[in-house]
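1. I'd like to go over a predicted model; first the sequence, then the structure.
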Amino acid sequence: DDDDDDDDDDEASRVYKKCNGKKFSFKAADGLIRLDCRGKDACNSVVFECTEDPSLCSVTCKDGEPACNSLTVTPGIAVSCSSEKSCNSVEGVKSEAALAMEKAAQAKTKANSATLMEAKAAGMTETAHEAKRTAQLNALQEESIAVQADLVEAAAKVALVEATNLADKADRATAATKEGTEVAAKATEAAEAANKVEAAMIKAAEAATNASDKADMALKQAKQVAAEAAEKAAKAAIAEAKAEEVAEEAAEKAQEAKEDAMDEAEKNVFLVACYGTDKYPKCNGKKFSFKAADGLIRLDCRGKDACNSVVFECTEDPSLCSVTCKDGEPACNSLTVTPGIAVSCSSEKSCNSVKLTKSVVLGDPALAAYQEAAVAGQPKGHSGSVFSHIGLGP
């Protein structure tokens, strides 16, 4: 029998040795994987990779100070440390809540970019409309010049006809007065004068014709510019509509990312329940202190005087802590918190004498998820941990 026991011990030591200096790599097809490190330096200088889907992998470090030393994991792998000293130099860890917050920030950046594009499109549309109005005004001016040129041309033609008639009369007078030298000379002078007038009228008619042609060309160009401006205005309007559509889609994605981030954060909330029930009694006269390593903490006070003369401290990172006061007038009375902790009051009378905070809000929509969440075992349930304060002193 003793020999059999020695064989069992040898078999256990061969199967569950330390993993110092090893590297493990797994694919998504391998399924759920957990690296279980127990005892001092159980996992020293270890690399643990799950690059395809880090959410399928996890690490547990316990029963050693440290149990995990110089551990490198793929970002997104959950690492659970039984105490602060059980993990030393763990690299690559990033919580699901932090990843969700990053996605929300990226969505917000895209929404801001879409808003900027919308503003630029609106500016382009206004510029195109102004160009269109200018082109239309120029077209009206050119059309007026063309009309005036046509009038000048018509007047020149009338003058040309009159000059031609005058020249004909002079020629006839010259023929009729050939016998008289003096009369002939005068007729000749009259004919020459008439011919000069005719030549001048012809030049005037040619000038009027040229002016009319130029006016027609200017009018044609003005109409072309107006058409191009109208086309640009139409394109700008289409671009503006697309920018509005992109902005709406980005805003929806940002809201979805924000809701996902709130859901992820709610999963990791550590709840201090003060309800005045047998399982979760009131917290009167108690003092709670938490560190940043404790994660998200919420003091949940429900019912009249659920939290009376309570001190709630989160000195390292107050943004990780919050307080909910509801279903009592007051539910929180003489409550002292670390400055920066968010305190949500369901009504003005639900909070009385809340000290050392600048973040008291009434019905804050951003805290609605926290206000409506219930404790595990209570209506609606709660996926985080619940802190039992029964038997604690003040």
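-> Great, that's in hand. Numbering: from 1, shown residues only.
2. state the helix or strand in which the residue nearest the centre of the chain lies.
-> For the chain, Ala111 is the residue whose C-alpha lies nearest the centre (C-alpha atoms, centre = their mean; 1.8 Å). Taking DSSP states H and E as the definition, Ala111 sits inside helix 96-176.
3. next SSE after that helix?
-> Taking DSSP H and E, what comes next after helix 96-176 is helix 181-267.
4. what's downstream of that next one, the next helix or strand?
-> Remark: after helix 181-267, the chain's next helix or strand is strand 270-274, criterion DSSP H and E.
5. does Ala254 touch Thr109 like I think?
-> No: counting by C-beta atoms under 8 Å, Ala254 stays clear of Thr109, with 9.2 Å between them. Placement of C-beta: from N, CA and C, glycine included.
6. the two: which is more packed in?
-> Ala254 (21 against 12; other C-beta atoms under 10 Å).
7. about what we covered before: could you give the angle of the helix holding Ala111 to helix 181-267?
-> Here helix 96-176 points in a direction 170 degrees away from that of helix 181-267 (axes from the mean of the first three to the mean of the last three C-alpha atoms, to 10 degrees).
8. which strands or helices does helix 96-176 pack on?
-> helix 181-267 (3 or more C-beta pairs under 8 Å, 6 or more residues apart in numbering; DSSP states H and E).
9. tell me what the helix it packs on is packed against?
-> Checking 3+ C-beta pairs under 8 Å, 6+ apart, helix 181-267 ends up next to helix 96-176, helix 368-372.
10. what's the nearest residue to Ala226 if we skip its chain neighbours?
-> Leaving aside its chain neighbours, Ala226 sits nearest to Ala135 (3.9 Å; criterion: C-beta to C-beta, 6 or more residues apart in numbering).
11. ok, back up a step: correct me, but the residue nearest to the centre of the chain touches Ala250?
-> Yes: with contact defined as C-beta under 8 Å, Ala111 and Ala250 form a contacting pair (4.0 Å).
12. okay, stretch 279-287 in PDB with CA atoms only?
-> Provided in PDB are the C-alpha atoms of stretch 279-287 (Å, rounded to 0.1, in the frame of the first residue of the first chain):
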ATOM      1  CA  LYS A 279     -31.000  39.900   4.700                       C
ATOM      2  CA  TYR A 280     -29.900  43.400   3.900                       C
ATOM      3  CA  PRO A 281     -30.400  45.600   7.000                       C
ATOM      4  CA  LYS A 282     -30.000  49.300   7.300                       C
ATOM      5  CA  CYS A 283     -26.400  50.700   7.400                       C
ATOM      6  CA  ASN A 284     -27.000  53.300  10.100                       C
ATOM      7  CA  GLY A 285     -23.700  54.600  11.800                       C
ATOM      8  CA  LYS A 286     -21.500  52.500   9.500                       C
ATOM      9  CA  LYS A 287     -18.300  53.500   7.700                       C
END
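13. just the pLDDT for the residue nearest to Ala226.
-> Per-residue confidence (pLDDT) for Ala135: 81.
14. tell me how many other residues crowd it.
-> The number of residues packed near Ala135 is 20, by other C-beta under 10 Å.
15. please report how far it lies from Thr127.
-> According to C-beta to C-beta, to the nearest Å, Ala135 and Thr127 sit 13 Å apart.
16. contacts only, for Glu256.
-> Neighbour list for Glu256: Ala107 [criterion: C-beta atoms under 8 Å, 6 or more residues apart in numbering].
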